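*Asks:* Please work out how this folds:
(one chain, ligands or ions: 1)
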Amino acid sequence: MKVLVIGATGGVGGRLVEMLVEAGHEVTGTWHSDGDDVELQRQGVTPRFADLTQMGADDFGDLVQFTDAVVFSAGAGGAGMDLATAIDGDAPIALVQAMEAQGVARLVLVSVFPEAGRDQEPSDGFEHYMAQKKRADVAVCASGLDWVLIRPGTLQDDDGDGRVNAGRCISYGDVARGNVARAIHGVLERPELSQEIIELTDGDTDVDAALDDLVR
Ligand SMILES: NC(=O)c1ccc[n+]([C@@H]2O[C@H](COP(=O)([O-])OP(=O)(O)OC[C@H]3O[C@@H](n4cnc5c(N)ncnc54)[C@H](OP(=O)(O)O)[C@@H]3O)[C@@H](O)[C@H]2O)c1
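*Replies:* From the prediction side, this is the model:
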């Protein structure tokens, strides 16, 4: 499968592209920080430059052409409200428009649990980030695409052990970035999972078994 990973240099995206290459997929990944194109090439990924703050639907159209599936795992990562608007909100919305125009249907978008941050003092920046994630989710769910939203709990920067809790509505918790990558990989290899929202934390079930349980 030809897979485009947007955010291929991130904590989730970097682990995902390694898994996809190892499984034999043809992987293209976006980069925007100096030197990351070289690192992607080293991983066996075809690098494509993308500054998500500068891209409209036409730019995404060029990027998604000739791919079978797209994963969006980029994020502004708390770098400010303007960047959250551009990267977590506007970019996936433009991507959806581009995919519809190009006839590329399969999209896995990394979103966020609605419960994220509920145990912290509210802040305008975090509320804004959550609103941008929701804007993107709404656009994806309203599209005619073959989409899956992954809603991870609080991301932990480790590879995880491949054991998760995955469901349409589960309790909140932490999740290893490696387990999120495994789940995205598993979703891409299960076309039956479509127009689906999957909440994901670390847990006790092997990720493949957890995803098989979700196939209707
Ligand atoms: N943190 C959490 O607890 C949490 C919880 C639930 C969901 N999420 C979501 O999970 C997803 C993956 O998170 P992560 O921790 O793997 O993210 P990450 O490590 O911060 O990676 C973000 C990716 O986005 C790219 N990016 C940032 N700004 C960009 C720009 N202007 N143009 C192009 N690319 C840009 C980064 O590239 P560079 O490396 O070059 O900057 C990187 O590849 C994100 O959508 C995040 O919002 C996070």
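*Asks:* show me where this structure has helices.
*Replies:* Using DSSP state H, the helices of the chain run over 11-22, 36-42, 57-64, 81-83, 91-102, 124-142, 177-188, 207-214.
*Asks:* Off-centre distance for the shortest one?
*Replies:* When C-alpha coordinates are averaged (C-alpha atoms, centre = their mean, to the nearest Å), helix 81-83 and its chain have centres 19 Å apart.
*Asks:* and the gap between the nearest residue to Gly167 once chain neighbours are set aside and the ligand?
*Replies:* Using C-beta to C-beta, 6 or more residues apart in numbering and skipping the chain neighbours, the partner closest in space to Gly167 is Glu199 (5.9 Å). Just so you know, the C-beta spots here come from the backbone N, C-alpha and C atoms, and that holds for glycine as well. The gap separating Glu199 from the ligand is 10 Å, by C-beta to the nearest ligand atom, to the nearest Å.
*Asks:* How about Asp161?
*Replies:* Distance from Asp161 to the ligand, by C-beta to the nearest ligand atom: 18 Å.
*Asks:* give the contact list for that residue.
*Replies:* Asp161 makes contact with 176, 179, according to C-beta atoms under 8 Å, 6 or more residues apart in numbering.
*Asks:* pretty sure Trp31 is in contact with Pro47, am I right?
*Replies:* Yes: Trp31 is within contact range of Pro47, at 5.2 Å (criterion: C-beta atoms under 8 Å).
*Asks:* so what's Val187 scoring on pLDDT?
*Replies:* As predicted, Val187 sits at a pLDDT of 98.
*Asks:* Likewise for Arg177?
*Replies:* 98.
*Asks:* Which residue lies closest in space to it, excluding its sequence neighbours?
*Replies:* Gly11 (4.3 Å).
*Asks:* quick one, what contacts the one you found?
*Replies:* Listed by C-beta under 8 Å, 6+ apart, the contact set of Gly11 reads 155, 157, 177.
*Asks:* Pick out the residue of the chain closest to the ligand.
*Replies:* Gly10 (2.2 Å; C-beta to the nearest ligand atom).
*Asks:* Appreciated, that's everything.
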